[in-house]
Each structure stands twice: as structure tokens, then as C-alpha cells.
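*Asks:* A predicted structure for the sequence below; I have some questions about it.
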Amino acid sequence: MKISDQIIMCLQNLFRRKVRTALTVFGVIIGTCAIVVMVSLGVGMQASQDAMLAEMGDLTMIEINNYSGRDENGEKLILNDEVLHKIQQMNHVDVVTPFYQPQNAWGAFALYGGNSKRYKAELYNIYGVYPEALEKMGFKLEKGEYFSNTQGDTIEILVGGYFPYDFEDTRKKRNNTVRYWETKADGSMPDPFIDIMNEKKLVLQIKESGKENGKTIDLKAKGVGVLQYDGKSYETRYGIFISTTQLKKLEEKYNKLNNIKVSEDDKNNYTTAKVKVTDMKYVEEVQAAIDEMGFDTYSMEDIRKPMQEQARKQQMTLGGLGAISLFVAALSITNTMVMSIYERTREIGVMKVLGCMVGNIRSVFLMEAGTIGFMGGVIGIALSYIISYIINIVGNGLTGGFSGGMMGGGFYMGMGGSGMAQTSIIPWWLALGALVFSTLIGLISGYSPANRAVKISALEAIKNE
Amino acid sequence: METVIKVENLRKVYKLGTEKVIALGSINLEIHKGEICCILGTSGSGKSTLLNMLAGLEKPTKGHIYIGKHDIPKLNEKQLAKLRQKQIGFVFQSYNLLPALTAQENVGLPLMFRGVSKAKRNKAAKEMLVHVGLGKRLKHKPTQMSGGQQQRVGIARAFVCKPQIVFADEPTGNLDTKTTKEVMDIMVGICRQYQMTLVLVTHDPSIAQYADRIVTLIDGAIVSDVENQSIAEPVYQDTGKTKSGEDSPAPENSNMEDGQLSDVSSQPETIQQEAGSQNPDKDFNGGIEG
């Protein structure tokens, strides 16, 4: 029997019992819809969580902290270039850089500009980084460039978007800063005292600590670029970036000035470093590997994981509810097929006597059951998209009410409308999966009835009543 | 004379509780090519049991049935299906047409099971239906036809593959006398024309008069096996205007020893050959044409 003939026969049989077929398909539609919509809510929830977390920080970033940490054997842990190089070699690690802040020399540096050092900015948020890493870390430049020569005597500095407003006019007692919020008439930002990139007389000064008019060392500095404030990180707003090489030189000079002795280990130890992972899904793995080395780590994953766990549980619960209705639909497919076989007993017998292969009989019945599942799946998915669309419209009207409420939070609502993701999302894999699943359910439900049809005795079937 | 069906020591015992009922004792029978053989017997004589076993619908308790080289009881479902597709036609008492299909589709069914394309089987079915005088009822459903017409569709279906053997189980059991004659005439006519073997099961001695040979069964045993001396000549009476005269079997066709018809497809074939990679369309020559 040709496949085309089997298909035609299967469709004819289904069409012959329109109402029953339609009702059974309807059951599958409801089941498919239930699963797809439920899971889509879970997916939507997860997406809005991720969006929310992304608002809070880079999801692919891992922060390593090492403040005189010790490993399990009590040995002192050193987070030095060597260790960072090792981390860089790990799988899925995009880039690694220290975010080094010299602990001893905090508040010891200041930047001067203008004639006779008229304008001054304290360098509190100074970070030593690998010069080539910044771009890969995702820091964007507003103007200028990253670093050009970090080996020379001129200190190259890269500053956060709002840092230039930190300059004070030392000749005034009052009103000695430019306030960035006092915009110009055309709405653009006001000009700071110092155009850091073109300032010729930029000087980085190291002060002796604890003395009002102690010794100082002046070093020539050069502004190479200004970072774009990314809206969430402090570093891109007020940070000052210097290459680790130059920052270490500055620290050395400071230590000399203050007669501070520092051990070789401490000299090389970075208190903080950041690791950017190629994809969010590898964060956990990389973080675990670094934890293994004994360092304290922190990433958004720490927040994301429990949230995700919770979301997954909810998703499972919702999907389970949907699955119940699809299970009921499966029973009704089996019922329909059994009924249909009872009705067609004689027909099946005649077919056998006329030389129909039992395999063909089985496949026709399986096809019928599969078709019911498939049709239900297709219509169910189409309907799910419509329902999902409606949920999103209604859901967005009641923001926070449903999605916010479900993820337990004023937290979420506090984030405001910016994280306004869809409540229900149907990704392609969900649609495809549902279709395959519903068809499979049809085939499984039809399996035992089809075998029953095959076993019908031709003799019994064609007996004259 | 070529033997088409050979039955050896066939025995069938039913168990009803603890009691054994012997449906067929020990049957030995040979049916030849082109023979119209009637198995005559009353209800309970075992005639239907015999037919069912010949057609492989029922397994015997003991004994052999050979059709061609094949021992029917030893074939599995698949081999039986193949055998039925190629070599066996079936006419039922209650017609057993599929109610959802038209006359043409019903007749085309066995061809469909063989994997013949729709165009070819429609053509063959049409020719066959014209042959039985239903050329104008191709698109009718069984419910739109009389019993006689339905049985003619049934006959067309049984013969459409040009099988070697046709089994007919009380083919006229549900028909009135006049229609019975029509139907028998057509069936016997086609068999004679194409030298097919017809095994006819009936309780009606008048039907038996169409046969060349009458095997009488009583209580599961053959009590007589005789050549029919007064063969009823098949004469078409009302088979529709579409029938052409040449379709009417000529009287000399009743002489089954003439070798004037040579229909290749009615030659015995082995299942092994059929089950092979042959194109199902290839050995099917598109219906019955002289």
C-alpha cells in the first residue's frame, strides 16, 4: 500500500467522523495550550528576571576579592599576575583584569590642571587595570582612546564620564565646582573646568600622608580618554583608570615617601580583579573554578541562581498543570481510537481478507491518532500565541500585579518600568517542542488501539451476523 | 490437469468446553485450474470451515492445504496477505463493501493494497464494473445500491486483480431468485472467460448446478464428489446497456479443457517472487481485457 494511499485513507477516516475527531482534537488543543501558555509564563518570568538583573550589573562579570585571604592550609593567597593569567586560560573566560586599589595609598593622589595647579581633583576611586582589558570588559569610550603608552614616565589616565566635574577651583571658597546637572540652555552637559584630554598642564601629585603641607611628588599626567557612563557601574561614572604598571610605580613612590615597607607578596597582590565570561551560562562554572582556588568571588549569578531556581520550580508546577490536561487529552485520543476500531472491526476484517498488510492497517491507525495529536498541536500553538499576546497586553496594564507579584517583589516594582519585559514569551523551542510532544502523545495513545486493530481476526470480523 | 488447490488429510476440531466437536474429519480434495467447484452442504456440515481454511482465515487442527507451492496453514500473516493480494479473490454473502467508499473505490481496494497507483486502479475498477454491468454506478456508495448491485460490485472487487482462485461464500445468500441468477451468471461467466478457479460454498442445490463439480459435505466428511452432468448455462439477462456483447461468455467456454484463453497473470506465482522487489504495477496489466 502506498504511503499516499495510507494518508488519504487516514484522512478520510478522520473526516468521516468529523464531530468525534473535532472533539478529540479540541481536547489536544486545550492540553497543548495549557502547557505552552504555562511554560511561556515561566519563560517570561525568567526573561524579566534576567532583564532586571542586567539592569543591576553585568551578568557575565565575576568579581574576585582577596584581602589577605588564606587557603585551606593557612597559606597566604596571592592574587597576582600569575594567578590572573591562569584564570585567563580557563575555558569560557573572555578577559581578566585587576581592579587594583592601593590600600595604603588611599587618598594620597590628586590631579591638578590649569595654570599654577588652579584646578584640583582628589583621586579616590583609582583603579589599576590591564590596559588592553578595558575594551573587552565592555567599557565604552565617550572620547579619546584606551591607553597608548603605559611604560613611559607620563601617567596615562582614563576617567569615568562624570569625573571631570570633580575638579575644584582652588582659588574660590564657594561655588568652586561645575555642577553637571546644571545643563546649558540647549540641554547639553556643562563644560567642566578642565578638558582632561587636551589639558597640557595635567599633574598627578603624590602626597605624604598625615601632613597638611608634607612632601609631594609631582608627575606629568595625560588624559587619554573619557569613558561612557553605562548607567549602572560606579567605575564608569567617577572612576580613574591607570595601568597596573604605572599604578604600582605610583604606590612604590608613595611608600618610599612615607617610609612604608611592603612585602613582595603584598606588592604583587591585587585586592580585586574582574573576570568577564563569554556567556552568562558559563558564569557558574568559571566562578566555581575560581572559588576552588580559594578566592572570594561575587557575581550576579549569586542572585540569579536562587531566582532562577525559584522560577524553574514555578515553571515546572505550571507545566505540570498543563501536562495534566494533555494527559486527559491523550486518554480521549485512545478512547476515540478504540471506539473507531470497534466500529470498523468488519471493515478491518474485510481489508485483511482482501490482502491488506497488517503493517498497513497499523500505520493507518497510528497515523490517525498522530494526526489528531498533530492537528491539536498546531491549532493549540496558534491559539497559545493569541492567548500569550492577550496576556502581554493585559499583563502590561497590570504590571507588577502579576509578574511582579509572582516573583515576590517590591524589589521588582522598585526597578520601575525599565525592566518591562513580556509576561508571556513563547520561544521557538517551546512551540516546536509542544508540536512534537502533542504528535507523540497522539502516536503513543494510538499505539495500543492500532495493535488491537491488527489483531482483529479477519474471520470473526466478516462473519455473517 | 493442473492442480490449483490440494487438500491433504485436513482436520478441524473445535473445543467447546470439554467437548470436542469435529467440524471436518479428514478431507482430501484436489481442485483444478479453471474448475468451478461447488461445496454443497447444509448448515453445520463444515463447508464454511473448509472454505475459511482454504483461504487461510482459519488454521486447521491437522493437515495440509497447498495453493501452488505454499502450504497455507504454515504461512504467516504477511505471506498470507501477499498470497491474497495476488492469487485469491473473495466474494462474501453480505457483500462487505466499505460503506464510505464508492463502487469504484471499493473495487480498487485490492489493487490499492498491492500498491497500484490511483489512476491505474481506477481504470481497472471501471473496466471491471462495466464488465459486471455497473458502468453507470461508479461513483455510487453501497447504500445507494440494491443488494444485487452491491454483490456485483463485490464480484468486480474479487476479480479485479485477476486472481487464480476466487472463493465465494454463499454469494447469493442474501439475494432473491432473479438477482441470484444474474449474479451467478456474471460470476461464472467471468470465471469461464478467464479460466479462473471458483470455489463456491452454498447450501442451495440449485446454485450448485452452475458448477462443474459438486462436492457434498455432511458432518465434516465428503460424501460425494461428482462431475455435474447438467451444468446451468450462464446467460446474461440484465447486465446494463454498457455491456458489450463480447463480454457474454459463449457456451463453448463451459468446456473447460479448451486452452484458448491465455491470461498470463492467472499463472501460479510463488510468494517468494511476489515478496521480492518487483514493482507492484509492473505485473498488473490494468484490468480484464481478453
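*Replies:* Noted; the coordinates are in hand. Numbering: from 1, shown residues only, chains lettered A, B, ... in the order given.

*Asks:* show me what from chain A comes close to chain B.
*Replies:* Proximity of chain A to chain B (C-beta under 8 Å from any C-beta of the partner chain) is limited to residues A:1-2, A:5, A:12-13, A:16, A:346-347, A:350-360, A:457-459, A:462, A:464. Glycine gets a C-beta too; all of them are placed from N, C-alpha and C.

*Asks:* filter those residues to the buried ones?
*Replies:* Burial by neighbour count, judged by 16 or more other C-beta atoms under 10 Å in any protein chain shown, picks out A:1-2, A:5, A:13, A:346-347, A:350-358, A:360, A:458-459, A:462 from those.

*Asks:* SS state for the residue of chain A found nearest chain B?
*Replies:* Distance from chain B to each residue of chain A (C-beta to the nearest C-beta) is smallest for residue A:355, at 3.5 Å. Recorded secondary structure, residue A:355: coil (DSSP: H, G, I helix; E, B strand; the rest coil).

*Asks:* need the contact list for it.
*Replies:* Residue A:355 makes contacts with B:81-86, B:88, B:110, B:113-114, as judged by C-beta atoms under 8 Å, 6 or more residues apart in numbering or on different chains.

*Asks:* low-confidence stretches in the chain?
*Replies:* Since no chain was named, I'll use chain A. A:68-69, A:71-72, A:397-421, A:464-465 (pLDDT under 70).

*Asks:* oops, chain B please
*Replies:* Segments of chain B classed as low confidence (criterion: pLDDT under 70) are B:231-290.

*Asks:* please redo it, this time with the cut-off set to 80
*Replies:* Counting by pLDDT under 80, chain B contains low-confidence residues at B:1, B:229-290.

*Asks:* helix or strand: which one has residue 157?
*Replies:* No chain specified, so I'll use chain A. Under DSSP states H and E, the secondary-structure element containing residue A:157 is strand A:155-159.

*Asks:* wait, chain B
*Replies:* Using DSSP H and E, the element containing residue B:157 is helix B:147-159.

*Asks:* adjacent strands (with direction) for the following helix or strand past that helix?
*Replies:* Counting by DSSP H and E, the element after helix B:147-159 in chain order, helix or strand, is strand B:165-169. Applying DSSP bridges, strand B:165-169 is found paired with strand B:88-91 (parallel), strand B:197-202 (parallel).

*Asks:* which residues touch the shortest one?
*Replies:* The contact list for strand B:88-91 (C-beta under 8 Å, 6+ apart) reads A:353-355, B:55, B:67, B:84, B:110, B:151, B:154-155, B:157-161, B:163-169, B:171, B:187, B:196.

*Asks:* coming back round to it: direction included, what does the strand holding residue A:157 pair up with?
*Replies:* Looking at strand A:155-159 with DSSP bridges, its paired strands and their directions are strand A:216-227 (parallel), strand A:240-243 (antiparallel).

*Asks:* which of those sits most buried?
*Replies:* Among those, judged by mean count of other C-beta atoms under 10 Å in any protein chain shown, the one packed with the most neighbours on average is strand A:240-243 (a mean of 26).

*Asks:* against residue A:325, how distant is residue A:385?
*Replies:* When C-beta to C-beta, to the nearest Å is applied, the distance between residue A:385 and residue A:325 equals 18 Å.

*Asks:* neighbour count for these two, which is higher?
*Replies:* Taking other C-beta atoms under 10 Å in any protein chain shown, residue A:385 and residue A:325 do not tie; residue A:325 has more neighbours (18 against 15).

*Asks:* quick one: contacts for the more buried one?
*Replies:* By C-beta under 8 Å, 6+ apart, the contact set of residue A:325 is A:30-31, A:34-35.

*Asks:* likewise for residue A:25?
*Replies:* With C-beta under 8 Å, 6+ apart as the criterion, the residues that contact residue A:25 are A:372, A:375-376, A:379.

*Asks:* with residue B:95 instead?
*Replies:* Contacts of residue B:95 by C-beta under 8 Å, 6+ apart are B:142, B:147, B:150-151, B:153-154, B:174.

*Asks:* how about it, secondary structure?
*Replies:* Applying three-state DSSP to residue B:95 yields a three-state assignment of coil.

*Asks:* same check on the one 10 residues further on?
*Replies:* Secondary structure of residue B:105, reduced to three states by three-state DSSP: helix.

*Asks:* who's in contact with it?
*Replies:* B:98, B:125.

*Asks:* now swap in residue A:305 and tell me
*Replies:* Residue A:305 makes contact with residue A:284 under the criterion C-beta under 8 Å, 6+ apart.

*Asks:* ok, 10 Å please
*Replies:* Residue A:305 sits next to A:283-284, A:287, A:299 when contact means C-beta atoms under 10 Å, 6 or more residues apart in numbering or on different chains.

*Asks:* out of those residues, flag the one nearest to residue A:272.
*Replies:* Of all these, residue A:299 has the smallest distance to residue A:272: 13.2 Å, by C-beta to C-beta.

*Asks:* quick check: the closest one vs residue A:283, distance?
*Replies:* Residue A:299 sits at a distance of 6 Å from residue A:283 (criterion: C-beta to C-beta).

*Asks:* that older thread, redo the strands paired with strand B:165-169 as TSV? Include mean neighbour count and distance to residue A:437.
*Replies:* Shown next, in TSV, are those (neighbours: other C-beta atoms under 10 Å in any protein chain shown; distance: least, C-beta to C-beta, whole Å):
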stretch	mean neighbour count	distance to residue A:437
strand B:88-91	26	43
strand B:197-202	26	52
